[in-house]
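K.L.:
This is the structure alone, sequence omitted:
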């Protein structure tokens, strides 16, 4: 069974991962993503030298099937979605490993922020809309769905950690610019000021190979101030990792912004 990629996965980052096929009839069929030439005892050096691309990868279904007709008889058809196992785990030292922390981590921070505000009886200073998009990875997630009188849009996405970046797994990052250009200077500076005022551990960074879906709102014609914050995530679009301190710092900055 062959796949067509959604989002920014590189095939080698999910090779060997367990997965679930969601059929149109509602059945969930388990399997794993493997290189077609996956056995070293059969294919020799091809296991190491074969380029990992869509043609070279396949889903090995945990079902008795050896032909296309038998696979269709299971209910599997073109257009069925396949989800990779997240394998979420939290260590005693506070590290959280999982696939899809981009952008489950950001959603967790948003929900934690509004829950904390409700528990403490804190109301947002302005009317607030929470927008959680199912299209976060394909570039048009926030092109629509907001009030017509929207003034500010703060995206909560993951912050890329790696060589040449200031972001890490222990701070909230405020992104000043990414591949689509700079974010709104005044709103970015407002967030930086709030982080300093409330002593929130933070970094400021620029991402040359990254774009947030908040920019889709700009491209769709939205005329609002847009900024971007998020927890630091290592190995983005791979088997990702962050730390609870980064999630807490991001949550605190969301609360500070909504209360200002």
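P.N.:
That came through, no problem. This one's a predicted model, so the numbers in the text were calculated from it and none came from an experiment.

K.L.:
Let me see the ranges of the helices in the stretch 1-150 of the chain.
P.N.:
Secondary structure of the stretch 1-150 of the chain by DSSP state H, counting those that start in this stretch: the helices cover 40-43, 46-49, 68-73, 101-120.

K.L.:
go on, the stretch 151-260 of the chain?
P.N.:
Using DSSP H, counting those that start in this stretch, the helices assigned to the stretch 151-260 of the chain run over residues 185-197, 214-219, 244-259.

K.L.:
Span of stretch 35-53 from start to end?
P.N.:
9 Å (C-alpha to C-alpha, to the nearest Å).

K.L.:
Show me the contact partners of that stretch.
P.N.:
Identification of contacts with stretch 35-53 by C-beta atoms under 8 Å, 6 or more residues apart in numbering yields 10, 11, 12, 15, 56, 57, 58. (C-beta placed from N, C-alpha, C; glycine too.)

K.L.:
which among those end up buried?
P.N.:
If you count burial by 16 or more other C-beta atoms under 10 Å, the buried members of these come out as 11, 56, 57, 58.

K.L.:
for the protein, where's the lowest mean pLDDT among helices and strands?
P.N.:
Of all helical and strand segments in the chain, the minimum by mean pLDDT, DSSP states H and E falls on helix 214-219, at a mean of 87.

K.L.:
Mind listing what's buried along that one?
P.N.:
Buried residues in helix 214-219, counted by 16+ other C-beta under 10 Å: 214, 215, 216, 217, 218.

K.L.:
quick one: buried residues of stretch 112-130?
P.N.:
Within stretch 112-130, the residues that count as buried by 16+ other C-beta under 10 Å are 112, 113, 114, 117.

K.L.:
Then stretch 87-105?
P.N.:
96, 97, 98, 99, 100, 101, 102, 103, 104, 105.

K.L.:
what about it, start to end distance?
P.N.:
14 Å.

K.L.:
Give me the distance between that stretch and the centre of its chain.
P.N.:
In terms of C-alpha atoms, centre = their mean, to the nearest Å, the centre of stretch 87-105 is found 12 Å from the chain centre.

K.L.:
Mind checking the pLDDT average for that stretch?
P.N.:
Mean per-residue pLDDT for stretch 87-105: 96.
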